[in-house]
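1. give me a 3D structure for the following:
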Amino acid sequence: MADKKKKTRGSKDEALIDFIFEAGMLKRVPRSGWSVLGINAPESVADHSFRCAVIGYLLAHMEKVSVSRVLLMTLFNDIHETRITDLHKMAQRYIDADAAETASFEEQIAPLPRAIAHDLSDLREDYNTQQSQESIVARDSDILECLIQAREYSEQGNSGAALFMKHAPNHLKTPSAKKLWRLARKMDVNDWWSRIDSFDR
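-> Numbers count the residues shown, from 1 in each chain. Purely as a prediction, here's the structure:
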């Protein structure tokens, strides 16, 4: 049997379209940790990344760091999960997740124009080493988004979500993220729309 030749793209523009199509996969990749708690049809990775970016924008302003850098880190932090899916903590006991993430990410960005690949690689390295204030804010955005999602699932009747809310806050580092979590923990998740609805009555 003849060896199959690896398919290659003819231009960097085509590689960009491939990357866009691939990024769309995140809309169909479920956040696997929530399924362990028995949550049917949990949020997708894209759902998580979107609100991470929103939170990152707010925290970056509050902490007075580069908004654009935090936004980019939160937006691309889970891009590798198009290829290896979202591995929950139990799976990571048996799989070298760091190696898998690195390998998939490096292969992902290799066909892209050099400047873009370099930029994405730099953002990932910064986030992983947690040396810059922006990377710390981006990580807090990720944790805070998970906490708020757990709070929402808890409000919907999932008792297991409370376990996540018990331990995860200890990993928040910035004063702003801690402040927002203190508020989110005690505020009613429906207040924002019920106040709007009351104006129309």
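2. mind listing what the residue nearest to the spatial centre of the chain touches?
-> By C-alpha atoms, centre = their mean, the chain has its centre lying nearest to residue 49, at 3.9 Å. Residues near residue 49 by C-beta atoms under 8 Å, 6 or more residues apart in numbering: 26, 74, 75, 77, 78. For every residue, glycine as well, the C-beta is placed using N, CA and C.
3. restricted to helices, list those.
-> Here DSSP state H is the test, and the contacts of residue 49 give 74, 75 as lying in helices.
4. what about this protein, any weak spots by pLDDT?
-> Counting by pLDDT under 70, the ranges of the chain that qualify are 1-10, 197-201.
5. where do the helices sit along it?
-> All helices of the chain, identified by DSSP H, fall at 12-23, 32-36, 45-63, 67-76, 81-84, 97-109, 114-129, 133-155, 161-167, 175-186, 191-199.
6. now those as TSV including distance to residue 90?
-> Conversion of those to TSV gives the following (distance: least, C-beta to C-beta, whole Å):
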stretch	distance to residue 90
helix 12-23	26
helix 32-36	7
helix 45-63	18
helix 67-76	25
helix 81-84	15
helix 97-109	11
helix 114-129	22
helix 133-155	16
helix 161-167	14
helix 175-186	25
helix 191-199	34
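7. quick one: contacts for residue 128?
-> Counting by C-beta under 8 Å, 6+ apart, residue 128 has contacts residue 135.
8. can you do 10 Å?
-> Residues near residue 128 by C-beta atoms under 10 Å, 6 or more residues apart in numbering: 77, 98, 101, 102, 135, 139.
9. re the thing from before, I'd like to know how far the residue nearest to the centre of the chain sits from residue 93.
-> Distance check for residue 49 against residue 93: by C-beta to C-beta, to the nearest Å, it reads 25 Å.
10. same check, this time on residue 75
-> 28 Å.
11. the more surrounded of these two?
-> Taking other C-beta atoms under 10 Å, residue 75 and residue 93 do not tie; residue 75 has more neighbours (17 against 8).
12. now the more buried one: closest residue in space, sequence neighbours ignored.
-> residue 53 (5.1 Å; C-beta to C-beta, 6 or more residues apart in numbering).
13. can you count the residues close to the one you found?
-> Counted with other C-beta under 10 Å, the neighbours of residue 53 add up to 21.
14. just to check, it is in contact with residue 68?
-> No: with contact defined as C-beta atoms under 10 Å, residue 53 does not reach residue 68; the gap is 11.1 Å.
15. give me the buried subset of the contacts of residue 128.
-> Neighbour counting by 16 or more other C-beta atoms under 10 Å classes 77, 101, 135, 139 among the contacts of residue 128 as buried.
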